[in-house]
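**Q** Coordinates for the following, if possible.
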Amino acid sequence: MTRKREGEVASRSTVRDVAAMAGVSPSTVSRVLGGVYPVSASTRGRVMRAVSALDYVADARARAIAGMGTPTLAFCLDDITGPSFALMAHGVEREASRLGHLCLVCGTEGDVGRELDFIETMRAQRAAAVILVGGGTDTPEYRERTGRIADALAAAGSRLVLCGRPPLAPDVPVTVIEYDNESGARALCVHVLAQGHRRILFLGGEPGHTTAQGRERGYAAALRSRGIEPDPALHLAGDFTRDAGYRLMRTALAERLEFTAVIGATDMVAAGALTALHEAGLDVPGDVSLAGYDDIPFARDLHPALTTVHVPYEELGRLAVRTVLGRTPDAPNEHLLLGTRVVVRASVAPPAPGRG
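**A** Numbers count the residues shown, from 1 in each chain. You can find the predicted model right below:
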């Protein structure tokens, strides 16, 4: 059965439709939406109820942008200061600029309501695409909400792009540009295991977060491939920041957890863990091996340089723009998967004798 897309009516509704439903003239609708001329509260209420019922979208700036033939690209991310987010955003902006398109950005700080408001604004402005950068919370509510967003954008002639997020249901109109998150984590953990480590501490990753889930699955799969059942005590959850890594590492040391190696869910987590290990008088990799994930630029400048997983973040952003601008309206959903690779540096070594 074909899903009824919420927002389909938006592509058909006009000012006259709104006026007819509200029982007013088209000019009155324009006055209400323009907010310039005085209109009675009751009339305004009828018009806005009709706008809501018809999912009517009208925005003068959107018409101006459409008239110029240079549709806007918008991207939305949790934290624009995060290194991996910044690399993806840089790729989006550079490719959009190269192709002659305006690019708008919104940092949500993880606020779902703010993300929704931004997407709705971009729909009203007829943005060519809205790119959601980075992972999100993977729940049935998230998938349903994101599916509705994709449907509404498609009905308005726009497109939702998930950049670094997993796909939704097959019939949801969305473009997915992601990287092999789980395989990267598995390959990294296999490398650490190959050095002789068996007690490997995993730091970071909020429960239910799509990026964290993939990396946790890869870590667990690598352990099981060597006949090691993951120990829940060796997984300390937290966000993807440097401060989280520092705090979690101090907790692990205070609780005297037994481990010879640490994998940070991100390079930022690993950097915080490295500071905590140094403060505790522990040598890396002499006493404890350490690895991260992302291969952000400063990973090679840590002491020791950090073994990590390289993710082509900037190319993800560029590819998202090229793919969505190059698609035709009737093209099937795109799902592109980029590879990752382990970058071996000095922070991982065999465990000290007797500590494997």
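**Q** Output stretch 331-346 as CSV, restricted to C-alpha atoms.
**A** Provided in CSV are the C-alpha atoms of stretch 331-346 (Å, rounded to 0.1, in the frame of the first residue of the first chain):
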residue,chain,number,x,y,z
ALA,A,331,14.6,9.2,-9.3
PRO,A,332,14.6,6.4,-6.7
ASN,A,333,15.9,6.9,-3.3
GLU,A,334,19.7,7.2,-3.1
HIS,A,335,21.7,5.3,-0.5
LEU,A,336,25.5,5.8,-0.7
LEU,A,337,27.9,4.1,1.7
LEU,A,338,31.5,5.4,2.0
GLY,A,339,34.3,3.2,3.4
THR,A,340,36.4,3.8,6.6
ARG,A,341,39.9,2.7,7.4
VAL,A,342,42.1,2.2,10.5
VAL,A,343,44.9,4.6,10.8
VAL,A,344,47.7,3.0,12.9
ARG,A,345,49.8,5.4,15.0
ALA,A,346,51.8,5.2,18.2
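**Q** Strands of the stretch 51-200 of the chain, residue ranges please.
**A** 73-77, 103-107, 129-133, 160-163, 174-179, 200-203 (DSSP state E, counting those that start in this stretch).
**Q** so what does the fourth one touch, helix or strand wise?
**A** In terms of contacts (3 or more C-beta pairs under 8 Å, 6 or more residues apart in numbering; DSSP states H and E), strand 160-163 is packed against strand 129-133, helix 140-155, strand 174-179, helix 313-326. Placement of C-beta: from N, CA and C, glycine included.
**Q** Arg16 is in contact with Tyr56, correct?
**A** No. Counting by C-beta atoms under 8 Å, Tyr56 stays clear of Arg16, with 10.6 Å between them.
**Q** got any residues that touch both of these two?
**A** With C-beta atoms under 8 Å, 6 or more residues apart in numbering applied, the contact sets of Tyr56 and Arg16 do not overlap.
**Q** of these two, who's got more company?
**A** Tyr56 (21 against 11; other C-beta atoms under 10 Å).
**Q** List the buried residues in stretch 92-110.
**A** Neighbour counts over stretch 92-110 (16 or more other C-beta atoms under 10 Å) mark 92-93, 95-96, 101, 103-108 as buried.
**Q** mind giving me the domain split of the protein?
**A** 8-54, 61-179+313-338, 181-312 (automatic domain parsing).
**Q** closest one to Val348 among the ones you listed?
**A** domain 181-312 (4.3 Å; C-beta to C-beta).
**Q** Can you check the pLDDT for Ala150?
**A** pLDDT for Ala150: 89.
**Q** now Tyr37
**A** 52.
**Q** want to try CSV for the strands of the stretch 51-200 of the chain, with distance to Arg341 and mean pLDDT as columns?
**A** Listed next are the strands of the stretch 51-200 of the chain as CSV, based on distance: least, C-beta to C-beta, whole Å; pLDDT from 0 to 100:
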stretch, distance to Arg341, mean pLDDT
strand 73-77, 24, 86
strand 103-107, 29, 84
strand 129-133, 21, 89
strand 160-163, 19, 91
strand 174-179, 11, 94
strand 200-203, 20, 98
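**Q** Now the ones you listed in TSV, please, with extra columns for distance to Arg322.
**A** Listed next are these as TSV, based on distance: least, C-beta to C-beta, whole Å:
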stretch	distance to Arg322
strand 73-77	11
strand 103-107	14
strand 129-133	11
strand 160-163	11
strand 174-179	10
strand 200-203	35
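**Q** can you tell which of these is closest to Pro312?
**A** strand 174-179 (6.7 Å).
**Q** tell me which residues in stretch 77-91 are buried?
**A** For stretch 77-91, by 16+ other C-beta under 10 Å, it's 77-79, 82-89, 91.
**Q** next one: stretch 208-221
**A** 209-216, 218-221.
**Q** isn't Cys274 right up against Leu290?
**A** Actually, residue 274 is Leu. It isn't Cys. Yes. Leu274 is within contact range of Leu290, at 6.0 Å (criterion: C-beta under 8 Å).
**Q** Buried ones in the strand or helix carrying Met48, by neighbour count?
**A** In this assignment (DSSP states H and E), Met48 forms part of helix 41-54. Judged by neighbour count (16+ other C-beta under 10 Å), helix 41-54 contains these buried residues: 43-44, 46-47, 50-51, 54.
**Q** Now do the contacts for the residue positioned nearest the centre of the chain.
**A** With distances taken as C-alpha atoms, centre = their mean, Gly134 lies nearest the centre of the chain, 1.6 Å away. Neighbouring residues of Gly134 by C-beta under 8 Å, 6+ apart: 77-78, 82, 84-85, 88, 163-165, 211.
**Q** and if you look at Asp138?
**A** Here Asp138 is in contact with 166, 208-210, 213 (C-beta under 8 Å, 6+ apart).
**Q** ok, Gly184 to Thr241 distance?
**A** As judged by C-beta to C-beta, to the nearest Å, Gly184 and Thr241 stand 20 Å apart.
**Q** And those two? Which one has more around it.
**A** Gly184 (24 against 17).
**Q** you'd agree that one is up against Tyr293?
**A** Yes. Using C-beta under 8 Å, Gly184 makes contact with Tyr293 at a distance of 6.9 Å.
**Q** so what sits against both of the two?
**A** With C-beta under 8 Å, 6+ apart, Gly184 and Tyr293 have common neighbours 215, 309, 311.
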